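Peer 1: output the structure for:
(one chain, ligands or ions: 1)
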Amino acid sequence: MLRILHAAEAAAQPIPYYVSLNYDDLFKIQRVHNAFPLKPVSFSSLATYLECPGCALDQRRKKRSKEPKHFTHVHQDTLFLQKQPDPRLVGTLLHQIINLLHDSHGVLSEEQRSTLLTSPDMLTSFVQHDLLQVLQSIEKLKMAMFFDELSINGRLLQTLIISPLLRYQRELALNGSTVFAISERFQFKLASTRKTFTGHTDWGGDVALVGEFDQIRLRNVDDVLTPEGIPAIFEFKMGLGKKKSWDKLSSALDDNPISTSSDELTQPGIGHAFQLAIYWMAFQTRWDLLEHVMLARGRGEDVRMQFEQDLDLILYNLRDGNQYQLLFVDRPRALQALTNCIFHLNWAMKSGYAWQVPEHECGKTHLLEDVPQQAIQVGYRAISAQECYLLAREAFHIFKEMIYWRKIPAR
Ligand SMILES: [Zn+2]
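Peer 2: You can find the predicted model right below:
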């Protein structure tokens with residue numbers, strides 16, 4: 001049984017960065033010191049590209065909005081009368097507050113944090129009276145301005161912020177789980193070499209991925225064999241979002257008439273599964289492998305790992321407090337499909353292939369007749385960018401068949 005490493009321990013390099021984790025010769029995962037020279041990709045850039053290459057490349061050209069320099073009140077009475085505030089901003093804000101409750105290097109003392117995690121009244125009062133100032137003091141000005149605006153409407157503040165936080169507080173207390181790490185960045189490399197895949201041609205490439213774990217917990221599952229709990233990656237979402245084209249396709253195949261009627265997802269979608277499965281791979285670099293490395297002294301650059309490490313993948317819907325666990329029908333096949341998908345997406349994306357998917361909601365009426373295409377070198381053969389993109393979609397469909405979600409019953 002492997003032990004997980006805290007970020008500080010992992011940063012202290014207990015295992016060499018070049019060590020590759022090898023899973024039944026399926027693929028290799030390598031921890032990298034600095035992913036930047038490798039032009040890393042994130043889950044969201046891959047998923048957006050998978051959905052519509054044209055839109056994804058368009059989006060990348062637009063600049064991100066920067067953090068404002070000064071705090072200003074943006075009170076506009078009409079702002080929230082018409083529609084609900086942006087769920088993504090609400091999600092980010094809630095996530096920020098949850099982090100404050102756990103951050104041992106943050107502005108709140110240990111005593112304050114433990115009070116806020118146990119007393120519903122104190123947590124409510126903190127949100128109503130202190131949060132605005134705290135957000136400003138940690139220079140989260142965009143969030144502070146958003147929160148300031150939201151606070152004018154007492155009903156919205158209650159339903160969108162206070163209620164979810166109280167639910168979070170209660171859930172954590174009832175389950176007795178330990179929060180191990182918050183907002184922890186990861187970077188790793190997937191390698192394809194001659195030895196990587198059994199019966200697979202040598203692609204000779206690699207993909208660097210970067211991202212962030214929202215929360216890592218030691219989840220109490222009432223098991224005598226794991227009294228400290230099972231490591232679990234928690235991904236927070238404010239609502240499950242709209243169905244993507246691939247979700248629509250699979251719900252049309254279901255017999256369940258309810259799942260097809262709504263445009264909103266009623267349980268996590270395949271995109272969410274894609275994200276958590278990438279996190280599964282990223283998390284492998286967080287096990288304490290020192291013993292393995294010592295044993296293979298002088299020989300081992302490869303560490304053979306088991307697929308069945310205890311690690312739960314959980315999606316937590318902040319909107320209603322529901323939790324869902326991602327499970328695999330066949331984990332090796334799921335991860336191989338995922339790897340194939342990631343590699344082909346990355347190649348197609350970096351070649352600049354920008355086809356606009358006709359059924360995508362971007363509503364582009366003028367599709368590019370001729371999508372400029374480069375030949376892409378995949379191992380010993382060159383394929384067209386289009387073929388490369390289609391291979392990614394094909395792999396994604398296999399991945400889709402290999403996963404399912406289980407709703408975790410509330411305690
Ligand atoms: Zn599009």
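Peer 1: return the distance of Gln343 relative to the ion.
Peer 2: Slight slip there: residue 343 is Phe, not Gln. With distances taken as C-beta to the ion, to the nearest Å, Phe343 is found 22 Å from the ion. For every residue, glycine as well, the C-beta is placed using N, CA and C.
Peer 1: hmm, I was thinking of Ser125
Peer 2: Distance, Ser125 to the ion, by C-beta to the ion: 46 Å.
Peer 1: please give me every residue in contact with the residue in the stretch 201-350 of the chain that the ion sits nearest to.
Peer 2: Relative to the ion, the nearest point of the stretch 201-350 of the chain is Ser245 (10.1 Å; C-beta to the ion). Contact analysis of Ser245 by C-beta atoms under 8 Å, 6 or more residues apart in numbering lists 51, 357, 359-360.
Peer 1: for it, phi and psi?
Peer 2: Per-residue torsions, Ser245: phi -60, psi -40 (degrees, to the nearest 10).
Peer 1: burial count for Tyr18?
Peer 2: Counted with other C-beta atoms under 10 Å, residues neighbouring Tyr18 total 10.
Peer 1: quick one, phi psi at it?
Peer 2: Backbone torsions for Tyr18, taken as degrees, to the nearest 10, come to phi -80, psi -10.
Peer 1: distance-wise, check the nearest residue to it once chain neighbours are set aside relative to Lys28.
Peer 2: Distances taken as C-beta to C-beta, 6 or more residues apart in numbering place Glu301 nearest to Tyr18, at 6.3 Å, with adjacent residues excluded. Glu301 sits 10 Å away from Lys28 when distances are taken as C-beta to C-beta, to the nearest Å.
Peer 1: now swap in Ser109 and tell me
Peer 2: 44 Å.
Peer 1: Thr226 should be in a strand, yeah?
Peer 2: No - applying DSSP: H, G, I helix; E, B strand; the rest coil, one finds Thr226 to be coil, outside a strand.
Peer 1: I'd like the secondary structure assignment at the nearest residue to it once chain neighbours are set aside, please.
Peer 2: Counting by C-beta to C-beta, 6+ apart, Asp310 is the residue found nearest to Thr226 once chain neighbours are left out, at 6.7 Å. Assigned with three-state DSSP, Asp310 falls in the coil class.
Peer 1: re earlier: more neighbours: Ser109 and Lys28, which one.
Peer 2: Neighbour totals were compared for Ser109 and Lys28, and Lys28 leads with 23 against 10 (other C-beta under 10 Å).
Peer 1: this protein against the ion: which residues are in contact?
Peer 2: 52, 55, 360, 362 (C-beta under 5 Å from the ion).
Peer 1: what number of residues lie near the third one?
Peer 2: When neighbours are defined as other C-beta under 10 Å, His360 has 15 of them.
Peer 1: now do the SS call for it.
Peer 2: With three-state DSSP as the basis, His360 sits in coil.
Peer 1: okay, it: pLDDT?
Peer 2: pLDDT for His360: 83.
Peer 1: sorry, back to before: wouldn't the residue nearest to Thr226 be in contact with Ala232 here?
Peer 2: No - if you go by C-beta atoms under 8 Å, Asp310 and Ala232 don't touch, sitting 9.2 Å apart.
Peer 1: picking up where we left off before, closest one of the residues of the chain next to the ion to Phe126?
Peer 2: Within these, the smallest distance to Phe126 is 40.3 Å, found for Cys55 (C-beta to C-beta).
Peer 1: which ones are touching that closest one?
Peer 2: Going by C-beta under 8 Å, 6+ apart, Cys55 touches 48, 356, 360, 362, 364.
Peer 1: report the central residue of this protein.
Peer 2: Gln275 (4.7 Å; C-alpha atoms, centre = their mean).
Peer 1: tell me which element it is part of?
Peer 2: Per DSSP states H and E: Gln275 is located in helix 270-283.
Peer 1: show me what that helix is in contact with.
Peer 2: 29, 43, 46-47, 186, 188, 190, 209, 211, 213, 216, 231, 233, 235, 237, 240, 244, 246-247, 250, 311, 313, 315, 326, 334-335, 338, 341-342, 396, 399-400, 403, 405.
Peer 1: I'd like the average pLDDT over that helix.
Peer 2: 96.
Peer 1: could you list the buried residues of the very next helix or strand once past it?
Peer 2: Downstream of helix 270-283, the first helix or strand assigned by DSSP H and E is helix 290-295. Judged by neighbour count using 16 or more other C-beta atoms under 10 Å, the buried positions of helix 290-295 are 292-293.
Peer 1: run the chain-centre distance for helix 290-295.
Peer 2: 30 Å (C-alpha atoms, centre = their mean, to the nearest Å).
Peer 1: now stretch 304-319
Peer 2: Distance, centroid of stretch 304-319 to centroid of chain: 12 Å (C-alpha atoms, centre = their mean).
Peer 1: now the terminal residues of it, how far apart.
Peer 2: Stretch 304-319 stretches 40 Å from its first residue to its last (C-alpha to C-alpha, to the nearest Å).
Peer 1: if we can go back for a sec, what about the residue nearest to the centre of the chain, distance to Asp223?
Peer 2: Using C-beta to C-beta, Gln275 is found at 27 Å from Asp223.
Peer 1: cool, Tyr404 as well?
Peer 2: 22 Å.
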